[in-house]
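**Student:** Sequence first, then the predicted structure, then my questions.
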Amino acid sequence: MYDQTKCVHHPIVSLEGYVSIGVATYRASTIVFDDVQSYADRHTRGPTGYSYGLYGTPTSRTLEAQLTQLHGGVGTVLLPSGQAAITSIMLSVLRPGDRVLIPSSVYPPVMTHCATYLREFGIDHTIYDPLCGSGIEQLIDSRTKLVWVESPGSTSLEVQDLPAIADASHRAGALVGCDNTWASPLLCKPLTLGADFVVEALTKYAGGHSDVLLGSVTVRDEPNDTKLRDWLRTMGIGVSPDDCTLVLRGLETMGVRLAHVGRVAADIARKLGRSTAVQRVLHPALPEHPGNASFVRDFTGASGLFSVELKQQAVPLLPMALEGLKYFKIGASWGGTHSLLAPITLAATQSTRSRCKSRTYLRISIGLEDPDDIWDDLNTIFYRLERQLQNISLPNKDY
Ligand SMILES: *Cc1c(COP(=O)(O)O)cnc(C)c1O
């Protein structure tokens, strides 16, 4: 063997006795075969076999199997982002002439996808009240093929009655997909509550460190799993094994991270409820929260993301109050080790039972900093807001 060939062909070393704890990162486009016949038969290897890097490596299969176990499904597929996981379900299930129902509290890019891309392809969507429960029945017609659920909803965090919605949808022949990103499979298992598909934006708590984008769909029944897998294959969608490794690592600590941020967030939510700058605190575990009965029934706990709705008079003061934060960062996405704030204004159609034109929320993702430092930062913000509010003559005292 000449040197140039020695460079290309790696020597084979023994793996005997090599048992590491982490999952290895297997990178591949090409998979090689022993002989002509096994290459010719590669398409018969099925969803657990290996034939081409795009269709899975031992690294991606490990993460898929782990999520399948956690959710109690028949299979999981991985997508480059949580958003891609949602749109892949929609595009594999819906055909021109079909209709999808989406809650008004849905992750906003999903609304955009329905209102632009799906509409152009002749697929309709109807926006529904996330708290409608079995009332969803009235919206389901013969064209409705998919009912989308996101519980709790983005920013306003309404908890949906998934069992009632799934029941009504299935009776009418529609499939049900559920975005479970807020809870992760540790706090809620939508497939056991009637969903056919459950999406996780692994970008959030599973990745857990704000440095990876990945999404998953776990499926309850074999035919839907096969259909989704076939669709992804023809679309040529696959994920990087390096990203899978990051999420596999994140999953190992997700339980203790969630338990910790859940405790700290609940404590802080209670304290912020006493601020005179706050209209109301939106945290699913609060008894007065929309959908709290479903939360108590269907979830085993709360994660570290919640929102506060600001009083209208406090809204213009927010930019000033958020200056000079010591620990919090301002940014989208959440579920990482760093505490994050996102000021979010929702139009009246997106916030349920609104008398105002729009409402402004401060979405708070609790990180792993010391709880006293986290509170110190938030306390400063709300103290500033309260002081400023006292100095302002309030033209309208209806809050
Ligand atoms: C962030 C998020 C997504 C999208 O995840 P990406 O990986 O950022 O695309 C979907 N649903 C919910 C509820 C989210 O918070």
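**Tutor:** Looks like it came in fine.

**Student:** could you measure Arg359 against Leu101, distance?
**Tutor:** When C-beta to C-beta, to the nearest Å is the yardstick, Arg359 and Leu101 sit 23 Å from each other. (Glycine included, C-beta is placed from N, CA and C.)

**Student:** Would you mind naming what in the chain lies close to the ligand?
**Tutor:** 81-83, 107, 150, 154, 179, 181, 201, 203-204, 213, 215, 333 (C-beta under 6 Å from any ligand atom).

**Student:** Spatially, which two of these are the most separated?
**Tutor:** Spatially, the most separated pair among the residues of the chain next to the ligand is Glu150 and Leu213, at 18.5 Å (C-beta to C-beta).

**Student:** hmm, back to that, and the buried ones among the residues of the chain next to the ligand, selectable in ChimeraX?
**Tutor:** Below is the selection syntax for ChimeraX that covers the buried ones among these, with 16 or more other C-beta atoms under 10 Å defining burial:
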select :81,82,83,107,150,154,179,181,201,203,204,213,215
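
**Student:** Secondary structure added to the residues of the chain next to the ligand, as CSV?
**Tutor:** Shown next, in CSV, are the residues of the chain next to the ligand (DSSP: H, G, I helix; E, B strand; the rest coil):
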residue, secondary structure
Ser81, coil
Gly82, helix
Gln83, helix
Tyr107, coil
Glu150, strand
Ser154, coil
Asp179, strand
Thr181, coil
Ala201, strand
Thr203, coil
Lys204, coil
Leu213, coil
Gly215, strand
Ser333, coil
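
**Student:** Give me the pLDDT for Thr218.
**Tutor:** Per-residue confidence at Thr218 stands at 98 (pLDDT).

**Student:** Quick one: neighbours of it, just the number.
**Tutor:** Thr218: 28 surrounding residues under other C-beta atoms under 10 Å.

**Student:** Quick one: list the elements packing against the helix or strand where it lies.
**Tutor:** Thr218 belongs to strand 215-219 when assigned by DSSP states H and E. The elements that strand 215-219 packs onto, with contact taken as 3 or more C-beta pairs under 8 Å, 6 or more residues apart in numbering; DSSP states H and E, are helix 58-71, strand 75-79, helix 82-93, strand 197-201, helix 222-235.

**Student:** Of the ones you listed, which is nearest Ala277?
**Tutor:** The closest approach between Ala277 and any of those, judged by C-beta to C-beta, belongs to strand 197-201 at 30.2 Å.

**Student:** That closest one pairs with which strands, parallel or anti?
**Tutor:** Each strand paired with strand 197-201, and its direction, by DSSP bridges: strand 175-179 (parallel), strand 215-219 (antiparallel).

**Student:** in it, what's buried?
**Tutor:** Residues 197-201 are the ones in strand 197-201 that count as buried (16+ other C-beta under 10 Å).

**Student:** how far does that strand sit from the chain's center?
**Tutor:** The chain centre lies 7 Å from the centre of strand 197-201; the measure is C-alpha atoms, centre = their mean, to the nearest Å.

**Student:** can you check stretch 274-288 too?
**Tutor:** 23 Å.

**Student:** residue in the stretch 251-399 of the chain nearest to the ligand?
**Tutor:** Closest contact between the stretch 251-399 of the chain and the ligand, by C-beta to the nearest ligand atom, is at Ser333 (5.8 Å).

**Student:** Isn't that residue up against Ser210?
**Tutor:** Yes: with contacts counted by C-beta atoms under 8 Å, Ser333 reaches Ser210, the gap being 6.5 Å.

**Student:** and which of the residues of the chain next to the ligand is nearest to Thr300?
**Tutor:** Nearest to Thr300 among those, counting by C-beta to C-beta, is Thr181 at 16.1 Å.

**Student:** how about the nearest residue to the residue of the chain found nearest the ligand, chain neighbours excluded?
**Tutor:** Scanning the chain for the residue nearest the ligand gives Gly82, at 2.4 Å (criterion: C-beta to the nearest ligand atom). Of all residues not flanking Gly82 in the chain, Ala201 sits nearest, at 2.5 Å (C-beta to C-beta, 6 or more residues apart in numbering).

**Student:** and the one you found, bridged to which residues?
**Tutor:** Gly215.

**Student:** looking at it, it is touching Ala84, isn't it?
**Tutor:** No: no contact is recorded between Ala201 and Ala84 when judged using C-beta under 8 Å, the distance being 9.7 Å.

**Student:** who touches both of these two?
**Tutor:** With contacts defined as C-beta atoms under 8 Å, 6 or more residues apart in numbering, the residues adjacent to both Ala201 and Ala84 are Gly215.

**Student:** Of the strands paired with strand 197-201, give the one that comes closest to Val32.
**Tutor:** Ranking the strands paired with strand 197-201 by distance to Val32, with C-beta to C-beta as the measure, places strand 215-219 first at 28.4 Å.

**Student:** Count residues in the vicinity of Ala174, would you?
**Tutor:** The tally of other residues near Ala174 (other C-beta under 10 Å) stands at 25.

**Student:** Just list the residues touching it, thanks.
**Tutor:** Ala174 makes contact with 101, 140, 144-147, according to C-beta under 8 Å, 6+ apart.

**Student:** taking these one by one, which sit in strands?
**Tutor:** Using DSSP state E, 101, 144-147 are the members of the contacts of Ala174 that sit in strands.

**Student:** By neighbour count, which of those wins?
**Tutor:** Result: Val147 is most packed of these (other C-beta under 10 Å), 28 neighbours.

**Student:** so that residue makes contact with Val100?
**Tutor:** Yes: at 7.5 Å, Val147 and Val100 qualify as touching, with contact defined as C-beta under 8 Å.

**Student:** can you give me the helices for the stretch 151-300 of the chain?
**Tutor:** For the stretch 151-300 of the chain, the helices identified by DSSP state H, counting those that start in this stretch occupy 162-171, 184-187, 222-235, 241-272, 292-298, in order along the chain.
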